[in-house]
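give the three-dimensional model of this entry:
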Amino acid sequence: MVRRARERAAQLGCTPVLPGAAALLGLLARVSHARSVVEVGTGAGVAALHLLRGMPEDGVLTTIDLEVEHQRAAKQAFTEAGIRPARVRAIPGRALDVLPRLTDAAYDLVLVDADVESLPRYVEQAVRLLRPGGLLVVDHALGGDRVADPARRDERTTTLREVGRTVREDDRLLPALVPSGDGLLLAARR
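The predicted structure follows:
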């Protein structure tokens with residue numbers, strides 16, 4: 001199922017979460033007992049499959065993507081995996097239009113795996129959505145190992161560094177950077 005989802009991601013031109021980070025997502029969902037999860041950037045459903053695997057059977061994943069075709073591919077992956085439709089709420093649209101309509105402090109985990117240009121605003125919304133003890137996860141936080149290279153000053157790398165600094169300096173969060181996959185920036189909501 002995950003292999004087929006990865007193949008569909010390649011066909012659609014979207015970058016799925018790397019295997020090490022995907023495994024960690026499932027583990028994080030499990031150990032945090034995440035019943036209510038938001039995913040910004042559905043892609044072909046690779047990360048969602050791992051999150052759903054780690055979530056309890058009554059857990060619900062809300063996944064947002066601008067591309068309806070991506071959500072269609074993800075729904076196919078969910079069906080192949082035997083995931084009940086009631087466990088996934090797929091919302092098509094711009095995440096910055098959808099996120100403000102979600103309930104404050106109502107989510108156990110928020111995964112941000114979408115366009116870097118909007119990452120600071122996604123993270124701002126994610127912190128608002130998290131309940132105390134909830135977990136923020138930002139995928140691709142190392143930017144292909146560019147973030148650690150001080151010579152790299154392109155806009156994408158600079159934005160990733162700024163988001164890392166913002167999360168680190170936010171008194172509401174307890175952060176960690178895990179070098180799994182392309183890096184997962186984690187932060188628990190105090």
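
got the contact list for stretch 93-111?
25, 28-29, 32-41, 47, 51, 62, 64-66, 91, 114, 118, 121-122, 125-126, 128-139 (C-beta atoms under 8 Å, 6 or more residues apart in numbering). Any C-beta I mention is one placed from the backbone N, CA and C, and that applies to glycine too.

thought Gly144 was touching Gly183?
No - look at Gly144 against Gly183 with C-beta atoms under 8 Å: they stay out of range, at 9.1 Å.

who has more neighbours, these two?
Neighbours were counted for Gly144 and for Gly183 using other C-beta atoms under 10 Å; Gly183 has more, 22 against 13.

read off the pLDDT value for that one.
Gly183 carries a pLDDT score of 96 in this model.

next one: Ser36
98.

in the sheet, who's paired with it?
Val60 (DSSP bridges).

could you check how far it is from Asp154?
36 Å (C-beta to C-beta, to the nearest Å).

who has more neighbours, those two?
Remark: of Ser36 and Asp154, Ser36 carries more neighbours, 19 against 10, as counted by other C-beta under 10 Å.

what's the spacing between that one and Thr62?
Applying C-beta to C-beta, the value for Ser36 to Thr62 is 8 Å.

Phe78 falls within a helix, correct?
Yes - counting by DSSP: H, G, I helix; E, B strand; the rest coil, Phe78 is located in a helix.

contacting residues around it?
Gly45, Ala48, Leu49, Leu52, Pro85, Arg87, Val88.

where's it relative to Glu67, distance?
According to C-beta to C-beta, Phe78 stands 16 Å off from Glu67.

what about the helices in this protein?
With DSSP state H as the criterion, the chain has helices at 2-12, 19-31, 46-54, 68-80, 95-98, 119-129, 155-169.

isn't Ala22 right up against Val46?
Yes - using C-beta under 8 Å, Ala22 is in contact with Val46, at 6.2 Å.

neighbour count: these two, which is higher?
More crowded of Ala22 and Val46, by other C-beta under 10 Å: Val46, with 30 against 22.
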